[in-house]
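Q: My questions are about this predicted structure, shown below with the sequence.
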Amino acid sequence: MQQLTGLDASFLALETANSTGHVGGVCVLDPHDAPEPLTLTRLTDLVADRLPLVPVLRRKLLHVPLGIDQPYWVDDADFDIEYHIRELALPRPGSDAQLTEQVGRLHARPLDRSRPLWEIYLITGLAKRRIAVYTKIHHSAIDGVSGAELLTALLDLTPDGRELPANQPFRPSRPPNRATLAVLAAGRLAWRPVQTVRIANDLVRVLPTLAPALSPLVGSMLGLGRGDGGVIPTAAGRAPATPFNKSITPHRRLAFRSVDLDSVKAVKNAFGFSVNDVVMAMCAGALRRWLADHDALPELPLVAMIPVSVRDPASKGAMGNKVSAMLATLPTHLADPGQRLTISHGATKIAKGQQAAIPQGLVDQISDFAPPALAARAARVVFATGLLHRLPPFNIVISNVPGPNIPVYLGGAKLLAHYPVSVITDGLGLNITVIGYLGQLHFGLISCRELVPDIDNLAGYLVDELELLLKAAAQLPAAG
């Protein structure tokens, strides 16, 4: 068995009637040159052969009595792969809008916590004889990087697949009884005083570095610092109110878009910045347009939370979450696309410096400190009071996950695109995640259906903003 970290378990505690804790992705596939059709039976066999590569797929949660310690992953003695892998068909020729609508409905459904926390759907009927495979797995089991590694286990470098180790019969280990769990929990509780000292020492060292980022948030909570916004900020300030920083419903909308990576690199090279800087500027411009459409563009810039992987080589291939985060200004208050890019670069640079000062284990230590029963109750209180949408610490999550730059195949079908589908919560009703693959950046946007009903317009603005940035890059004076 394997115990969840406090950060892993926090994704369980954050689930409510309106918010789920799983992440997912949609693989759009071209089966024309596949050796044989990718049917439900074949997909099930393919996953079954690779289960030993991803042990968490055959594990379920085991909760500690009274919630006094983090739960464990234990083998599911009644594992039923046919429960987890399903199929549906769109009316041919299915459009991208029909695909996103169906995936949005599937993604809104919570996973059954009495079973391993994942599902896979084979979706047929797409136009041009394409097929799609939608996967979802709970965030308590994976983060963005380990999720990419999970997908790698299912994908191959050739249509003919690959040689796999001999599949040994699954012999589930017997889970511990309640008495054993209680003894283990008591042992961990005995270390709490030591843990308290360690966390306090780390916080004392880190707080001076984080003060510039935290002071605007504290000031906004106290009603201070309400300036005129005339100075262009590069460190994240107070997050303004927007239409998507409100309570969410259980319903979701999705939108997918792809842009050419060479075009993004052309902008990057012209300005001397990074691909991620260009992505942030694209998001800032797209959000500015969408907010203006709804007469809701704030004078202050938005604040973006950017997840950062802290997964070292030693933890490669391990499941669970190895992430930190940084807050960066998103310059939606600026009209000029080139200026937005410049500010995005500066803001991200400052945010990286602040994030780098945080010890890698500190987030885990803090999240692991509170027992699950207390963490879940605290989360319910926060959501019930509406604190997150009255004083949002940030407006949106924007995540950039690397992907392969060579063709890969699933069951012999070539992967054309992989669109991420992430998480939203109360007060954070919009998420933008991007994955790079084979010379393109694939954007997956998810929102609360009622807060951002026209999310496809927002996705389209991302493409428009790249065109504006290309024009701005072309107008720069030649180097030298």
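A: Everything's here; your move. Remember, it's a predicted structure, so these values are computed and weren't measured experimentally.
Q: C-alpha from now on. contacts and neighbour counts both.
A: Noted.
Q: How about the contacts made by the residue nearest the centre of the chain?
A: The structure's the chain has its C-alpha centroid closest to residue 422; by Cα atoms, centre = their mean the separation is 4.6 Å. Going by Cα atoms under 8 Å, 6 or more residues apart in numbering, residue 422 touches 22-25, 431-433, 444-446.
Q: For the spatially closest residue to residue 160 that is not a sequence neighbour, list the residues it contacts.
A: Residue nearest to residue 160 in three dimensions, not counting chain neighbours: residue 412, with 6.0 Å by Cα to Cα, 6 or more residues apart in numbering. Counting by Cα under 8 Å, 6+ apart, residue 412 touches 31, 33-36, 38, 158-161.
Q: Can you tell me which of those residues is closest to residue 107?
A: residue 38 (22.4 Å; Cα to Cα).
Q: My read is that the closest one contacts residue 159, right?
A: No: with contacts counted by Cα atoms under 8 Å, residue 38 stays clear of residue 159, the gap being 11.5 Å.
Q: now this protein, which segments are flagged as low pLDDT?
A: For the chain, the stretches with pLDDT under 70 are 143-150, 182-237, 309-324, 353-391, 478-480.
Q: per-domain residue ranges of it.
A: 2-162+176-188, 207-403+424-474 (automatic domain parsing).
Q: where exactly do the helices run in the stretch 51-200 of the chain?
A: 81-84, 96-108, 144-154, 178-190, 192-221 (DSSP state H, counting those that start in this stretch).
Q: Return the list of helices and strands in contact with the second one.
A: Which is helix 96-108. strand 252-260 (3 or more Cα pairs under 8 Å, 6 or more residues apart in numbering; DSSP states H and E).
Q: what angle separates the strand it packs on from helix 96-108?
A: Taking axes from the mean of the first three to the mean of the last three Cα atoms, to 10 degrees, strand 252-260 and helix 96-108 form an angle of 130 degrees between their directions.
Q: Can you name the element that comes right after the helix or strand containing residue 27?
A: Following DSSP states H and E, one finds residue 27 within strand 22-30. As assigned by DSSP H and E, the chain's next helix or strand after strand 22-30 is helix 40-50.
Q: Tell me the buried residues in that next one?
A: Under the neighbour-count criterion of 16 or more other Cα atoms under 10 Å, helix 40-50 has 40, 43-44, 46-47, 49-50 buried.
Q: Specify which member of the residues you listed is nearest to residue 104.
A: For the buried residues of helix 40-50, the residue nearest residue 104 by Cα to Cα is residue 40; the value is 20.9 Å.
Q: Now do the contacts for the closest one.
A: Residue 40 touches 85-87, 122, counting by Cα under 8 Å, 6+ apart.
Q: neighbour-wise, which of these leads?
A: Among those, residue 122 has the most neighbours (other Cα atoms under 10 Å), with 21 neighbours.
Q: how near is that one to residue 37?
A: For residue 122, the distance to residue 37 equals 12 Å [Cα to Cα, to the nearest Å].
Q: overlap in contacts of these two?
A: By Cα under 8 Å, 6+ apart, no residue touches both residue 122 and residue 37.
Q: Stretch 397-407 spans what distance, first to last residue?
A: 29 Å.
Q: and what of stretch 25-34?
A: End-to-end for stretch 25-34, by Cα to Cα: 21 Å.
Q: now do stretch 151-164
A: Using Cα to Cα, one end of stretch 151-164 lies 16 Å from the other.
Q: Tell me the buried residues in it?
A: The neighbour-count check on stretch 151-164 (16+ other Cα under 10 Å) flags 151-156, 158-159, 161 as buried.
Q: if we can go back for a sec, output the buried residues of helix 40-50 as JSON lines; include the columns distance to residue 344.
A: Output for the buried residues of helix 40-50, formatted as JSON lines (distance: Cα to Cα, whole Å):
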{"residue": "40", "distance to residue 344": "45"}
{"residue": "43", "distance to residue 344": "42"}
{"residue": "44", "distance to residue 344": "44"}
{"residue": "46", "distance to residue 344": "43"}
{"residue": "47", "distance to residue 344": "41"}
{"residue": "49", "distance to residue 344": "45"}
{"residue": "50", "distance to residue 344": "41"}
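Q: now, which of the residues you listed sits nearest residue 349?
A: residue 50 (40.1 Å).
Q: Can you give me every residue that contacts that closest one?
A: Applying Cα under 8 Å, 6+ apart to residue 50 gives the contacts 153-154, 164.
Q: distance between the strand holding residue 27 and the chain's centre?
A: Distance of strand 22-30 from the chain centroid (Cα atoms, centre = their mean, to the nearest Å) equals 13 Å.
Q: so what secondary structure elements neighbour that strand?
A: Other helices and strands packing on strand 22-30, by 3+ Cα pairs under 8 Å, 6+ apart, are strand 131-138, strand 413-421.
Q: Can you say which of these is packed in most?
A: Ranked by mean neighbour count, the helices and strands packed on strand 22-30 are led by strand 413-421 with a mean of 24 (mean count of other Cα atoms under 10 Å).
Q: picking up where we left off before, with respect to residue 71, which of the contacts of residue 422 is nearest?
A: For the contacts of residue 422, the nearest to residue 71 is residue 22 (17.0 Å; Cα to Cα).
Q: What's opposite the closest one in the beta bridge?
A: residue 138 (DSSP bridges).
Q: distance of it from residue 140?
A: Residue 22 is 8 Å from residue 140, where distance means Cα to Cα.
Q: Could you confirm residue 292 falls within a strand?
A: No: checked against DSSP: H, G, I helix; E, B strand; the rest coil, residue 292 lies outside a strand; its state is helix.
Q: distance of it from residue 464?
A: Residue 292 is 15 Å from residue 464, by Cα to Cα.
Q: Then residue 138?
A: 33 Å.
Q: ok, back up a step: neighbour count: residue 22 and residue 140, which is higher?
A: The residue with more neighbours, out of residue 22 and residue 140, is residue 22; 26 against 23, by other Cα under 10 Å.
Q: Convert stretch 112-121 to CSV, retaining C-alpha atoms only.
A: The C-alpha atoms that make up stretch 112-121 are tabulated as CSV, following Å, rounded to 0.1, in the frame of the first residue of the first chain:
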residue,chain,number,x,y,z
ASP,A,112,-16.8,6.5,-7.7
ARG,A,113,-14.6,6.6,-4.6
SER,A,114,-15.2,2.9,-3.8
ARG,A,115,-13.3,1.9,-7.0
PRO,A,116,-10.0,2.9,-8.6
LEU,A,117,-10.3,6.6,-9.5
TRP,A,118,-10.2,6.6,-13.3
GLU,A,119,-12.3,6.1,-16.5
ILE,A,120,-11.6,5.8,-20.2
TYR,A,121,-14.1,6.5,-23.0
